[in-house]
Every structure is written in C-alpha cells, then in structure tokens.
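A.B. asks: need coordinates for the below:
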Amino acid sequence: MAQGSRSQGSTGGLARISSQQLLSLAYTMHFTAAVLVAPSSMAKFGHSGAWLAPPVAFLLSALPVSLMLGLLVRRHPHQTLAQMTRHLLGPVLGRLVGLMVSVFSVVVAAATLRDVVEVTPVAILPATPAWALSVPFLLVTLYGAYSGVEVVARLSYLFALATVMVILLGISTLTGLIHPLRLLPLYERSPLQLLQASWPAMGWFAESWSFLAVAALVDREERVGRSLVLGAGLAALMLTAFTALAITVFGHQLVAQFSFPIYSLVQQIAIGEFVERLDVLLFAIWLVGMLVKVSAHLWMAASGAGCALALKNQRQILPALGLTAHILMSLVPNLNWLDQFSINIWTPISLSLGLGVPALLLAASWVRQRRQCGGMGPDAQQQSQ
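C.D. replies: Numbers count the residues shown, from 1 in each chain. Presented below is the predicted three-dimensional model:
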C-alpha cells in the first residue's frame, strides 16, 4: 500500500500533501541554498543594510508569484500540472509550459548540486574529487524523487526545525561578539542600494513559479497561496536573521569577502569549552536541505517532462534528468562563475518566468471563464444561478 502511494505521488497521480508540508517544503527550497552563499553577495551591494535585502526580495518576487500560484490552484482544483496547462493554453502551449518547468528545474538542480560540490571540501572532505561527491549525492536525490514529493516534503520538516535551533543557538552563544550598531546605516547612497542588494535574492524567490506541480497536489486548495507565502516569508525572515547576525559579528566588509559567511559564523559558536566545531552539525543540516531541494526539483522536472511528452509513468525519465543535471553541473568551472551567472543571467530569467508564466495562466483562465459566461444565454445564466 505504501509503495502504491509513493508511485502515485511520483507520477502526479492522486497522492496528496498537506498545506503544512507545502509550507515546510517551500521554506526549505527557498532557504537551504541561499543561506550559505546569498549573505556574501548581498553584503557586497547592501553593505551594513544587506540584512534588509531578503524582505525586499520577498515583497517584490516571492509574494506576487506565490499569490498567483495560489489563485491558480483555487480556480482549477484537483488538476495536475498537465491537466491545468493543457486546459488553459491548449495542447501545444500546455506542453511548452511543461517543458519550461522541466528545463528550469533541471538547471536549478544542477546549480544546487554544484553548491554541494563546492561547499563539502571546505567543511569536511578537503581535496575530494567532484565526481566522488556529486555521484553519491545525485543517486540519493534520485531515490528521493523516485519515492515521491510527499516523502521529500516530510523530510523538509527536519530541516526547518533544525535551522530554527541553529539561529537560536547562535544568538544565545554569540552575544559577546554581537555589535548591533554594525547594522547601521541602512543605506549609504540611496534606498536603491537595498534594491540592488536584493537582486540576487529576487532570483532565488522567483523560482517558486516551478512549484505549481507540487502546489496542485495539496489536499486543501484554498490554503495553497497561504502556505507558499508563509514558506517564502519564513525563509526571508531566517535569511534576514542569519545575515544580520553575521554582520553584527564580522561587519559587512568581512561578510562580503567570505565565500560562506554563515559557515564562518557557526565556527565561532562554542558551548563552554567542551562543545565546539558545530560547523560540522550545520553542514549536516544544510546537506539535508540540499537533498530535499534537489530531489524536489528533479521530481518537478519529471512532472514537467511528463506534461510535455505525455508520459504515463514520469519516473522512467528520472535517470535521464539526473544525468543531464550532472552534466550541466560539470560545465560550471567554479563558484565565482556560478555567482556571476546567477546575478547577471539567471535572476532575469527566473524573474521573467516567475512573474510571466503564472500571469499568463491566470489571464488564460480569466479569458476562458469570460468566454464560458458569454456563451450562456440569459435563461441559462439564471438557471445556473
């Protein structure tokens, strides 16, 4: 019975997830990769006010995208990604949207996999070949995607709880190193400096447009928008807290210079003189979150490919998608190149798709509804009322 449920979930069938699972999954996918690399990028542009960049990015990116997805699911309940896009846009454009979801999710999975390859040697396994890290991790994530998004969503609970414990532990043990005045001034030139600092985070948050396949599986459609908004909002709040804590301890100059400032921050945590090196614990927690993110994006890539290719069993394409993600990951020369690609190329693409695709689907839904109402005569409308 359990195997049957997993099979249905991974193929976009009748298996459902709760709104709480969607909230936890959205939080994990927004926060997990950004927490190590985003503070440095935001501090380069925002300086001491970089901690305000995540809320700005949330308001301009995650909030409108999440609300549009929630409205779509409410207007078209009990429909999978394939059913919804083909119903609204027709078979050709509907398959094109599925293809875009698949390609987009594979690229996100590849970039996330590259982050794992770059961070792991710094944390625990120095001088380890990239393939020795990426291949085992990819196999585990493929198994997670094969098991179904509902299994991955349950695993995200662990990551969400652990990150809250880490920030509480950091605040309680680093009080002697915290200098709150380092958070001022909020900006040095103009408020536009905060917008520039939030630019990379806006790309991270706009990725939620690809969550449509997962959102369509929520058992209570009226709570989808709220869950997506709360998940992204909690991610922005936690990213703000971690960035502010790093700036108050190191100052924005050092945060901008560090490759992984939050990892360096956790290295400062010590309980007495007998509990140290909690950075290894942070890495383990972060690795769980990365596993959730890659598994979920591979599942969404399979769902989009199934929509585009009209596959009855979407799991059969997972190995090919995993191999594609690994090849794309191998093409990334280093983390600095990936950061520049994310800021200059990926963020505009993510924002365009994040705001454009849900808006297009909502416009098509509104037009279809107007046509249906227009096609009903006065007598038929009175009877329907």
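
A.B. asks: model confidence for T11, exactly?
C.D. replies: Per-residue pLDDT puts T11 at 35.

A.B. asks: ditto for the one 10 residues further on
C.D. replies: The confidence metric pLDDT takes the value 94 at Q21.

A.B. asks: go on, S40?
C.D. replies: 92.

A.B. asks: i'd like the first residue to be 575 from this point on
C.D. replies: Okay, residue one is now 575; in that scheme the one you just asked about reads as S614.

A.B. asks: that one: how many residues sit nearby?
C.D. replies: Neighbour count for S614, taken as other CB atoms under 10 Å: 23. Where you see a C-beta, it was placed from the backbone N, CA and C, and this is true even at glycine.

A.B. asks: next one: the one 10 residues further on
C.D. replies: A624: 32 surrounding residues under other CB under 10 Å.

A.B. asks: where does the prediction get shaky in the stretch 725-874 of the chain?
C.D. replies: Across the stretch 725-874 of the chain, the ranges flagged by pLDDT under 70 are 846-850.

A.B. asks: which stretches in it count as helices?
C.D. replies: 766-780, 786-789, 798-824, 826-831, 835-840, 853-883 (DSSP state H, counting those that start in this stretch).

A.B. asks: of those, which is nearest R649?
C.D. replies: Smallest distance to R649 across the helices of the stretch 725-874 of the chain (CB to CB): 11.0 Å, for helix 798-824.

A.B. asks: what's the angle between that closest one and helix 766-780?
C.D. replies: 130 degrees (axes from the mean of the first three to the mean of the last three CA atoms, to 10 degrees).

A.B. asks: circling back: so which of the helices of the stretch 725-874 of the chain comes closest to A617?
C.D. replies: Among the helices of the stretch 725-874 of the chain, helix 826-831 sits nearest to A617 (CB to CB), with 4.1 Å.

A.B. asks: what element comes up after the longest helix along the chain heading to the C-terminus?
C.D. replies: Criterion DSSP state H: the longest helix present in the chain is helix 655-697. The first helix or strand that comes after helix 655-697 along the chain, using DSSP states H and E, is helix 704-721.

A.B. asks: what comes into contact with that following helix?
C.D. replies: 580, 584, 683, 687, 690-691, 694-695, 699, 725-726, 729, 864-866, 868-870, 872-873, 876, 889, 892-893, 896, 899-900, 903-904 (CB atoms under 8 Å, 6 or more residues apart in numbering).

A.B. asks: which parts of it are buried?
C.D. replies: Going by neighbour count (16 or more other CB atoms under 10 Å), the buried part of helix 704-721 is A704, L707, S708, F711, L712, T715, L716, G718, A719, Y720, S721.

A.B. asks: how deep is W940 tucked in, by neighbour count?
C.D. replies: 12.

A.B. asks: model confidence for it, exactly?
C.D. replies: So W940 comes in at 94 (pLDDT).

A.B. asks: what residues does it make contact with?
C.D. replies: W940 neighbours (CB under 8 Å, 6+ apart): none.

A.B. asks: that one sits in which helix or strand?
C.D. replies: In the assignment (DSSP H and E), W940 maps to helix 921-948.

A.B. asks: against V682, how distant is T898?
C.D. replies: 12 Å (CB to CB, to the nearest Å).

A.B. asks: neighbour-wise, which of those two wins?
C.D. replies: For T898 and V682, the more surrounded residue by other CB under 10 Å is V682, and the numbers stand at 25 against 19.

A.B. asks: grab the nearest non-local neighbour of that one.
C.D. replies: H871 (4.9 Å; CB to CB, 6 or more residues apart in numbering).

A.B. asks: and the gap between that neighbour and G750?
C.D. replies: Distance from H871 to G750, by CB to CB: 40 Å.

A.B. asks: ok, these two, which is more surrounded?
C.D. replies: Neighbour totals were compared for H871 and G750, and H871 leads with 31 against 7 (other CB under 10 Å).

A.B. asks: pretty sure H871 is touching V677, no?
C.D. replies: No. Proximity of H871 to V677 does not meet the contact threshold set by CB atoms under 8 Å, at 11.3 Å.

A.B. asks: what do these two both touch?
C.D. replies: With CB under 8 Å, 6+ apart as the test, H871 and V677 reach no residue in common.

A.B. asks: sorry, back to before: which of the helices of the stretch 725-874 of the chain has the highest mean neighbour count?
C.D. replies: Highest mean neighbour count of the helices of the stretch 725-874 of the chain: helix 786-789, a mean of 26 (counted as mean count of other CB atoms under 10 Å).

A.B. asks: and the contacts of it?
C.D. replies: Against helix 786-789 from outside (CB under 8 Å, 6+ apart): 586, 591, 596, 599, 643-644, 646-647, 654-655, 658, 675, 723, 727, 798, 802, 870, 873-874, 877-878, 932.

A.B. asks: fine by me, thanks again.
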